[in-house]
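Undergrad: Structure for the following, please:
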Amino acid sequence: MSFLKPHIDRPGILDPITGDPQGYITNDGMWAAVPIIGCKAFAIIHNGSVVHESRNYSSAKSYILKEIQKSKKSLLNSTIGNKS
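TA: The predicted structure is shown next:
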């Protein structure tokens with residue numbers, strides 16, 4: 001009797017390279033993109049709570065970078081407004 005290969009309904013789920021499985025963390029550790037088990041989506045975490053879900057690694061990283069830029073702009077505007 002010969003060896004029979006098992007039938008796999010979704011072979012992509014066994015693929016070890018699904019985008020970037022390691023995720024993304026900013027240098028200060030305030031933002032992180034963590035892969036969600038069973039799909040290619042990423043949960044975006046800020047200060048310990050999930051704030052957004054992205055479809056893939058690149059959109060998760062761009063969301064984090066945009067939010068960092070927003071916070072820098074609002075911080076700069078608030079400090080400029082307080083000087084006068």
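
Undergrad: Could you use CA atoms for every contact and neighbour count after this?
TA: OK.

Undergrad: any low-confidence regions in this structure?
TA: Counting by pLDDT under 70, the chain has low-confidence residues at 1, 3, 8, 10-21, 81-84.

Undergrad: mind listing what the spatially most central residue of the chain touches?
TA: With distances taken as C-alpha atoms, centre = their mean, Ala33 lies nearest the centre of the chain, 2.5 Å away. Ala33 makes contact with 23-25, 42-45, 57, 60-61, according to C-alpha atoms under 8 Å, 6 or more residues apart in numbering.

Undergrad: Which stretches in the chain count as helices?
TA: 57-83 (DSSP state H).

Undergrad: what bridges to Ala32?
TA: As for beta bridges, Ala32 partners with Ile25, Ile45 under DSSP bridges.

Undergrad: Tell me the spacing between it and Pro6.
TA: 37 Å (C-alpha to C-alpha, to the nearest Å).

Undergrad: Looking at the two, which one has more neighbours?
TA: In this view Ala32 and Pro6 are compared by other C-alpha atoms under 10 Å, and Ala32 has more residues nearby, 22 against 6.

Undergrad: Looks like that one contacts Gln22 (just checking).
TA: No. The pair Ala32 and Gln22 does not pass the contact test of C-alpha atoms under 8 Å, sitting 10.6 Å apart.

Undergrad: Having no further points to raise, I will conclude here.
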